[in-house]
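1. make a model of this:
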Amino acid sequence: MKVALVRPRYNTHIVSPPLGMGYVSAYLKKHGHDVKIIDGLNLDLGDEEIVQKCLEFESKLVGIYCMSAYFLRAVELNKKLQLAYTEVEKLSKAKSEFISIASHQLRTPLTAIKGYIS
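-> Predicted coordinates for the structure are as follows:
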């Protein structure tokens, strides 16, 4: 499973690497998961950029890491991720429906033509 571990950008003087995310990442990788760490604080990424990176990675699970004092930032990022993933899911369903209808519409005349040729 593809897992994204993210840390939102927030105003702090502490910009040390998130060791907890590293431990979780190592554990997940050891058990066969594909993990990507997206550190918005150290990479100076806004929420939209973090969401985009999660979507590009096609993660099925997103873990959000933050210090307790910045919990509300994690909640904001979570809302944006939920909206983005809901939209991707809707688009995926619409694409599947379109392909299903299009293939049916193409098969029907081809079957008739095939019958005339025989």
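2. hey, let's count contacts and neighbours off CA atoms from now on
-> OK.
3. tell me the helices and strands packed up against the top helix by length along the chain.
-> Taking DSSP state H as the criterion, the chain has its longest helix at helix 71-117. Judged by 3 or more Cα pairs under 8 Å, 6 or more residues apart in numbering; DSSP states H and E, helix 71-117 is in contact with helix 47-57.
4. so what touches the helix it packs on?
-> Contact partners of helix 47-57, identified using Cα atoms under 8 Å, 6 or more residues apart in numbering, comprise 2, 4, 6, 8-9, 36, 38, 40, 62, 77, 80-81, 84-85.
5. averaged pLDDT, that helix. What do you get?
-> Mean per-residue pLDDT for helix 47-57: 95.
6. got the CA positions of it in CSV?
-> Output in CSV follows, covering the C-alpha atoms of helix 47-57 (Å, rounded to 0.1, in the frame of the first residue of the first chain):
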residue,chain,number,x,y,z
ASP,A,47,-1.2,22.8,2.0
GLU,A,48,-2.1,22.8,-1.7
GLU,A,49,1.5,21.7,-2.6
ILE,A,50,1.3,18.9,0.0
VAL,A,51,-2.1,17.8,-1.3
GLN,A,52,-0.7,17.8,-4.8
LYS,A,53,2.3,15.7,-3.8
CYS,A,54,0.0,13.2,-2.1
LEU,A,55,-2.1,12.9,-5.2
GLU,A,56,0.9,12.5,-7.5
PHE,A,57,2.2,9.7,-5.2
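7. after it, next one along is what?
-> strand 61-64 (DSSP states H and E).
8. mind listing what's buried in that following strand?
-> 62, 64 (16 or more other Cα atoms under 10 Å).
9. mean confidence score for that strand?
-> What strand 61-64 shows for mean pLDDT is 93.
10. and residue 12, how many neighbours?
-> Other residues near residue 12 come to 8 when the count uses other Cα atoms under 10 Å.
11. which residues does it contact?
-> Neighbours of residue 12 in contact, by Cα under 8 Å, 6+ apart: none.
12. and it, what helix or strand is that in?
-> Residue-wise, residue 12 maps onto no helix or strand under DSSP H and E.
13. what is the most widely separated pair among the contacts of helix 47-57?
-> The most widely separated members of the contacts of helix 47-57, counting by Cα to Cα, are 2 and 9 (22.2 Å).
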